[in-house]
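1. pasted the sequence and its predicted model underneath.
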Amino acid sequence: MTETKEHKLWFSLYDSSEYKGDTMAFFSSENYEWAKVIINNCDVIKGELLDYLKDHKLESYFNASMVERKNTWKTTAIKWWGINLNSNQKIFSRTSKIINSFPNIVSASFNLLEANSKIKPHHGDTNAIFRCHLALYNPKGKYTMWFYCKRRN
């Protein structure tokens with residue numbers, strides 16, 4: 001299967017079961033210019049987040065059932081389903097400029113998972129988008145990015 005093959009669209013709104021389509025599960029960030037730009041700007045993105053965290057706290061993720069321990073997944077968004085969250089985009093202006101330079105990026109947020117915490121297995125809202133995760137802090141010291149459309153077996 002190639003990354004360009006068309007697939008039947010799936011939306012969790014209409015099918016609450018786990019996605020079972022044939023979309024590739026993982027994609028290489030090396031194949032996408034936007035991913036390369038974001039990875040190359042990790043220091044800028046991380047710097048803005050660290051500056052923010054000096055005086056602010058992230059909010060607990062709205063769906064507490066997705067974590068094993070309540071209030072261990074924290075977040076703040078700068079873009080949500082195509083809507084620019086202007087107050088946060090002012091705070092994260094350099095990150096927002098990078099994200100907004102790619103019109104196909106529909107959502108972007110900062111997330112923090114506290115130590116010794118786990119996010120339960122889950123699926124996204126649709127197979128119509130990539131869901132990417134850019135690790136700004138990695139105990140091994142390397143920035144990483146990965147994205148997927150379904151769980152690997």
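-> That came through, no problem.

2. my read is that Phe27 contacts Cys132, right?
-> No: counting by C-beta atoms under 8 Å, Phe27 stays clear of Cys132, with 9.0 Å between them. Yep, even glycine has a C-beta here, placed from its N, CA and C like the rest.

3. which helix in this structure has the most residues?
-> Using DSSP state H to define each element, the chain has its longest helix at helix 42-53.

4. list the buried residues for that one?
-> Across helix 42-53, burial judged by 16 or more other C-beta atoms under 10 Å covers 42, 45-46, 48-49, 52.

5. could you do stretch 118-136 as well?
-> So, applying 16+ other C-beta under 10 Å, buried residues of stretch 118-136: 123-124, 127, 130, 132, 134, 136.

6. format these as JSON lines; extra columns: distance to Tyr32.
-> Listed next are those as JSON lines, based on distance: C-beta to C-beta, whole Å:
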{"residue": "His123", "distance to Tyr32": "22"}
{"residue": "Gly124", "distance to Tyr32": "18"}
{"residue": "Asn127", "distance to Tyr32": "17"}
{"residue": "Phe130", "distance to Tyr32": "8"}
{"residue": "Cys132", "distance to Tyr32": "9"}
{"residue": "Leu134", "distance to Tyr32": "12"}
{"residue": "Leu136", "distance to Tyr32": "19"}
